[in-house]
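J.: Dropping a prediction and its sequence here:
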Amino acid sequence: MEGDAEANGDANGEILGPCLTGYVDDGSPESHRYYLSRRTVLEMIRDRGYSVPSSEIDLSLQDFRALHGQNPDVERLRFSATHRTDPSDRIMVIYCGPGIVKVNVIRGLHSQIANKDTLNGLILITQNQITSQALKTMELYPFKTEIFQITDLLVNITKHVLKPKHHVLTEQEKQKLLKKYNIEENQLPRLSRKDAIAQYYGLEKGQVVKVTYTGDITESHVTYRCIW
């Protein structure tokens, strides 16, 4: 009994709480990585205006492993979603396996995509490098394609405490802003399409985002940036 007390508390038998080993994740790193990246991409397309059930985003790691196992099949992870305000706008998310993404992989994915005519965008999540020829082949796709490394999706960058809040302006909001300050869009501060935030929202050249900075010492500060 004395030994048990010392293992879980102090020498007087006071309970200090569960041992840290109880928090160790004994599942596979692969399943954890797929789980985190899937949650981020679900949040990402939701933030772009697509319909995503909260139950999918809130799925626990344990439930994810119960559905997909410790070594998930990438084909079972693919999914599509439609835009909340435009049901004809559909986007698809596809995971690639751990190997190098070559031309044959890209061609094979294209042949597997159903209802290509109703697809407006494709997000490809890779785990390895993609060849230049494969990239050129993707340019032939009749819809917008985006490529993310799985390691870039393990954390949702928009939730970082040091990141300012970003709001994508509609075309109407953009024109109202330009009229208010009597400026052209090329007079706005710029934000590259390669910026992590721009990629998260899938922004295109000419779109404008409202950036709000807040802090404990300074008051809120708002600026606008145009994608180039």
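T.: Noted; the coordinates are in hand. Numbers count the residues shown, from 1 in each chain.
J.: Identify the residues contacting the lengthiest helix in the chain?
T.: The longest helix of the chain (DSSP state H) is helix 29-47. Residues from elsewhere that reach helix 29-47 (CB atoms under 8 Å, 6 or more residues apart in numbering): 25, 52, 56-57, 59, 61, 64-65, 68-72, 77, 81, 91, 93, 95, 123, 125, 148, 150, 153-156, 158, 200-201. C-beta: built from backbone N, CA, C; applies to glycine.
J.: same deal with stretch 179-191?
T.: Residues contacting stretch 179-191 (CB under 8 Å, 6+ apart): 174, 178, 197-198, 203, 206, 208-209, 223-228.
J.: Mind putting those residues into TSV with secondary structure and pLDDT?
T.: Formatted as TSV, the contacts of stretch 179-191 follow (DSSP: H, G, I helix; E, B strand; the rest coil; pLDDT from 0 to 100):
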residue	secondary structure	pLDDT
174	helix	97
178	helix	96
197	helix	94
198	helix	96
203	coil	96
206	coil	95
208	strand	97
209	strand	96
223	strand	93
224	strand	95
225	strand	96
226	strand	97
227	strand	96
228	coil	93
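J.: what would these look like in CSV with distance to residue 168 and neighbour count?
T.: Listed next are those as CSV, based on distance: CB to CB, whole Å; neighbours: other CB atoms under 10 Å:
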residue, distance to residue 168, neighbour count
174, 10, 20
178, 16, 17
197, 10, 18
198, 10, 21
203, 7, 22
206, 12, 12
208, 8, 22
209, 5, 22
223, 14, 12
224, 11, 19
225, 11, 20
226, 12, 21
227, 10, 20
228, 15, 14
